[in-house]
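>>> Got a sequence here, can you model it:
(2 chains)
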Amino acid sequence: MEDAENPRPFLTAAAAGLTGCRACGTANPGGARACACCGSPLEPAGPASLQRVWAWLAAGMIAYVPANLYPMLRTTTFGRSSENTLIGGIAELFSHGSYGVALIVFFASIVIPVAKFLAIAYLAISVRQPAALGSHSRLVLYEVVEFIGRWSMIDVFVVAILTALVQLDFAAAVAPGAAAVSFALSVAFTMLAAQSFDPRLIWNAESENLNDHA
Amino acid sequence: MDSDQLIACPTCDVLNRDQEVKAHTVARCARCGTVLAAPKSGAMTRIAMLSLTALILLAAAAGFPFLELKAQGLSHQASVLDAVLAFSRGPMAPLSLATGLLIVLLPAARFCALIYTLAPMALGWHPAPHAATAYRWAERLKPWAMAEIFIIGVAVALVKVSGLARVGLGPAFWAFAALLIVTILTDNSICRLTVWKTLKTRGRS
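So this is what the prediction gives:
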């Protein structure tokens, strides 16, 4: 909040009539379509970015529902077949006494995906209206979401490895369940939602708020 | 002031003056603190060599035996390719393709692009043709190259299986474990904006 009391005049590329490149930092002339240095497509920070965020986020949340309802793994031991959902797999690990791994899987497949949905939605809402968190905190939140998002893919890889490894004919066999596909899609869509978010919007809202107060 | 002497912060869009930054010091954006330049002596050489190491490890991981499961007189070997093909039966086949891309093909493509961009500059030559395009793709592929996540998944799977069977670890497992470390070292050595600046200045002269 000390920023609000003593706002230092920062000049952004957009305010100076230039378009900054998010890949290489080159200040291109305003209205340029592609960066002169690296060739990346240029887009001013605006509502188009937010629309993409909401679309990918909705897709990610929808895909997360069947990921929880359908089985992730189908295990056959001596002719008896059992199916495990995400939660069921964690409960089984916990009952075997592997608390550490159960905790890792619980975080990777339940806590992190849900926290990611909430964090991305919060970031997208907060650029439109005054936010409780300051710009710096929201930037940290954005960086954490971007960094952590891909690690949720661990679950899909675990299913792939178990399926490849546990093939002992009659004694034990593992097959993937439908949830693996929807979980992988949910992770990919959420990663795309985070990538679509333009962090420059965090600061745009701040400078607009300052103008309102002045 | 000429816009050539300015850096628009990629995170918050504030214009910073592009100053000469000494080796092993870090220049940050005045508003948000994003690293704008972090030149290190020999960084280009280090990244190119680490990428080459990663490529060799990746090839080893794909080729050598990966894991072996032994229980009650039965045994079953699985390679990395088997893990990729785990979803190939039935309607889940596209997920096999995605897994192959995420754990082998995209990491390999990214390391190739890094070598193509940085090796000529490490040797003091001009950048290769289309080096900018190659580096842009290396950066775009970064979040989707998940070889290091795969090995953590292997660790989780091994704990799940260890209760009911013995698991033998093949050379490919250790290659993947080494790849995890090499990938982290590579990522820590890369300063994106410094690479772009070097590409720009070397390309002109």
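
>>> Let me see the contact set for residue B:189.
Counting by CB atoms under 8 Å, 6 or more residues apart in numbering or on different chains, residue B:189 touches B:40, B:43, B:46-47, B:50. Backbone N, C-alpha and C define where each C-beta goes, glycine included.

>>> and with 10 Å instead?
B:38, B:40, B:42-51, B:118 (CB atoms under 10 Å, 6 or more residues apart in numbering or on different chains).

>>> got it, and residue A:61?
Listed by CB under 10 Å, 6+ apart, the contact set of residue A:61 reads A:113-114, A:116-117, A:120-121, A:186, A:189-190, A:193.

>>> Now do the single nearest residue of chain B relative to chain A: how many residues are near it, please.
Of all residues in chain B, residue B:8 sits closest to chain A, at 2.6 Å by CB to the nearest CB. Neighbourhood size, residue B:8 [other CB atoms under 10 Å in any protein chain shown]: 28.

>>> That one contacts residue A:17, doesn't it?
No. Applying CB atoms under 10 Å, one finds residue B:8 not in contact with residue A:17, separated by 11.8 Å.

>>> shared neighbours of these two, which are they?
With CB under 10 Å, 6+ apart, residue B:8 and residue A:17 have common neighbours residue A:27.

>>> Can you list the residue ranges for helices in chain A?
A:2-5, A:47-69, A:86-95, A:99-106, A:112-126, A:135-148, A:154-165, A:179-196, A:200-213 (DSSP state H).

>>> among those, which is nearest residue B:158?
Smallest distance to residue B:158 across these (CB to CB): 8.3 Å, for helix A:154-165.

>>> now the closest one and helix A:47-69, what's the angle there?
Going by axes from the mean of the first three to the mean of the last three CA atoms, to 10 degrees, helix A:154-165 is angled at 40 degrees with respect to helix A:47-69.

>>> Is chain B within reach of helix A:154-165?
Yes. Applying CB under 10 Å from any CB of the partner chain, one finds helix A:154-165 touching chain B at A:154-165.

>>> want to try JSON lines for the residues you listed, with pLDDT and neighbour count as columns?
Shown next, in JSON lines, are these (pLDDT from 0 to 100; neighbours: other CB atoms under 10 Å in any protein chain shown):
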{"residue": "A:154", "pLDDT": "87", "neighbour count": "26"}
{"residue": "A:155", "pLDDT": "86", "neighbour count": "24"}
{"residue": "A:156", "pLDDT": "88", "neighbour count": "31"}
{"residue": "A:157", "pLDDT": "90", "neighbour count": "25"}
{"residue": "A:158", "pLDDT": "87", "neighbour count": "28"}
{"residue": "A:159", "pLDDT": "87", "neighbour count": "29"}
{"residue": "A:160", "pLDDT": "88", "neighbour count": "29"}
{"residue": "A:161", "pLDDT": "87", "neighbour count": "27"}
{"residue": "A:162", "pLDDT": "86", "neighbour count": "25"}
{"residue": "A:163", "pLDDT": "86", "neighbour count": "25"}
{"residue": "A:164", "pLDDT": "85", "neighbour count": "25"}
{"residue": "A:165", "pLDDT": "83", "neighbour count": "26"}
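
>>> returning to what we had before: ok, and the most crowded of the contacts of residue B:189?
Most surrounded of those: other CB under 10 Å gives residue B:118, at 30 neighbours.

>>> Burial check on residue 122, number of neighbours?
Just going to use chain A. 15.

>>> wait, I meant chain B there
Around residue B:122 there are 17 residues (other CB under 10 Å).

>>> just the helices in chain B please.
B:43-63, B:80-84, B:93-100, B:106-122, B:131-141, B:147-162, B:171-189, B:192-204.

>>> Mind checking those for the one nearest to residue A:75?
Closest among those, once you apply CB to CB, is helix B:147-162, at 10.5 Å.

>>> buried stuff in that closest one?
For helix B:147-162, burial by neighbour count (16 or more other CB atoms under 10 Å in any protein chain shown) applies to B:147-161.

>>> got the angle between that helix and helix B:43-63?
40 degrees.

>>> what distance separates helix B:147-162 from the middle of the whole chain?
Distance, stretch centre to chain centre, for helix B:147-162: 19 Å (CA atoms, centre = their mean, to the nearest Å).

>>> and it, does that touch chain A?
Yes. Using CB under 10 Å from any CB, helix B:147-162 reaches chain A at B:148-162.

>>> By mean pLDDT, show me the worst of the helices of chain B.
For the helices of chain B, mean pLDDT drops lowest on helix B:192-204, to a mean of 80.

>>> Show the pLDDT at the closest residue to residue A:89 other than its chain neighbours.
Sequence neighbours aside, residue A:72 is the residue nearest to residue A:89 in space, at 6.1 Å (criterion: CB to CB, 6 or more residues apart in numbering or on different chains). We have a pLDDT of 86 for residue A:72.

>>> ok, back up a step: now render the contacts of residue A:61 as JSON lines, adding distance to chain B and neighbour count.
Formatted as JSON lines, the contacts of residue A:61 follow (distance: CB to the nearest CB, whole Å; neighbours: other CB atoms under 10 Å in any protein chain shown):
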{"residue": "A:113", "distance to chain B": "15", "neighbour count": "24"}
{"residue": "A:114", "distance to chain B": "19", "neighbour count": "12"}
{"residue": "A:116", "distance to chain B": "14", "neighbour count": "26"}
{"residue": "A:117", "distance to chain B": "18", "neighbour count": "19"}
{"residue": "A:120", "distance to chain B": "15", "neighbour count": "26"}
{"residue": "A:121", "distance to chain B": "20", "neighbour count": "16"}
{"residue": "A:186", "distance to chain B": "13", "neighbour count": "25"}
{"residue": "A:189", "distance to chain B": "13", "neighbour count": "20"}
{"residue": "A:190", "distance to chain B": "11", "neighbour count": "26"}
{"residue": "A:193", "distance to chain B": "12", "neighbour count": "27"}
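
>>> Residue in chain A with the shortest distance to chain B?
residue A:20 (2.6 Å).

>>> From what I see, residue A:117 and residue A:65 are in contact.
No. If you go by CB under 10 Å, residue A:117 and residue A:65 don't touch, sitting 11.6 Å apart.

>>> Check the contact lists of the two and give me the overlap.
Contacts common to residue A:117 and residue A:65, judged by CB under 10 Å, 6+ apart, are residue A:186.

>>> Residue B:139 touches residue B:195, doesn't it?
Yes. Contact criterion CB under 10 Å: residue B:139 and residue B:195 qualify, at 9.0 Å.

>>> and these two? which has more neighbours close in?
Comparing residue B:139 with residue B:195 by other CB under 10 Å, the one with more neighbours is residue B:195, at 23 against 19.

>>> Sweet, I'm off.
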